[in-house]
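K.L.:
sequence first, predicted coordinates after that:
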Amino acid sequence: MHYFSLHSEDQTHIGFFVMTDDDEHETPPQSGQFLVKLQSENPPPAAAERALAPFQDSKNPGIWQLEQDRVELYEADGTPAGRIRNEYLSLGGQTFILEDLAGTF
């Protein structure tokens, strides 16, 4: 499992991005699921909240898959949703910054 602090492009903390691996023994992991947990004290801007809303339901987590130098992100039904490259998360037409909280990815 990988935990990231989720920030807007202006470095405002807006929540957390959590990734789990399909096969925890695979190094590096190749695929898994992800969820977003928004900070409740200071809600993010409306556009960011709309982009992240589909990925807050633990019953229908997003799907991730490692692809060369990036991680491709998909909605639960397999529809392409975004990507992670370096510390940048692109999701729902918005760009966010991820800060690794535990382990490396």
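P.N.:
Perfect, I can see it now.

K.L.:
for the rest of this, base every contact and every neighbour count on C-alpha atoms.
P.N.:
Noted.

K.L.:
quick check on Ser58: phi, psi?
P.N.:
Reported as degrees, to the nearest 10, the phi and psi values for Ser58 are phi -70, psi -20.

K.L.:
surely it and Leu35 touch.
P.N.:
Yes: between Ser58 and Leu35 there is a contact at 6.8 Å, judged by C-alpha atoms under 8 Å.

K.L.:
and the helix or strand where Val18 lies, what does it pack onto?
P.N.:
Using DSSP states H and E, Val18 sits in strand 13-21. Secondary-structure packing of strand 13-21 (3 or more C-alpha pairs under 8 Å, 6 or more residues apart in numbering; DSSP states H and E): strand 2-7, strand 31-38.

K.L.:
buried residues in the helix or strand following the longest one?
P.N.:
It refers to strand 31-38. Scanning forward in sequence from strand 31-38 by DSSP H and E, the next helix or strand is helix 46-52. For helix 46-52, burial by neighbour count (16 or more other C-alpha atoms under 10 Å) applies to 48, 51-52.

K.L.:
now stretch 63-80
P.N.:
Under 16+ other C-alpha under 10 Å, the buried positions of stretch 63-80 are 63-66, 71-76, 80.

K.L.:
turn these into JSON lines, columns for secondary structure.
P.N.:
Shown next, in JSON lines, are the buried residues of stretch 63-80 (DSSP: H, G, I helix; E, B strand; the rest coil):
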{"residue": "Ile63", "secondary structure": "strand"}
{"residue": "Trp64", "secondary structure": "strand"}
{"residue": "Gln65", "secondary structure": "strand"}
{"residue": "Leu66", "secondary structure": "strand"}
{"residue": "Val71", "secondary structure": "strand"}
{"residue": "Glu72", "secondary structure": "strand"}
{"residue": "Leu73", "secondary structure": "strand"}
{"residue": "Tyr74", "secondary structure": "strand"}
{"residue": "Glu75", "secondary structure": "coil"}
{"residue": "Ala76", "secondary structure": "coil"}
{"residue": "Pro80", "secondary structure": "strand"}
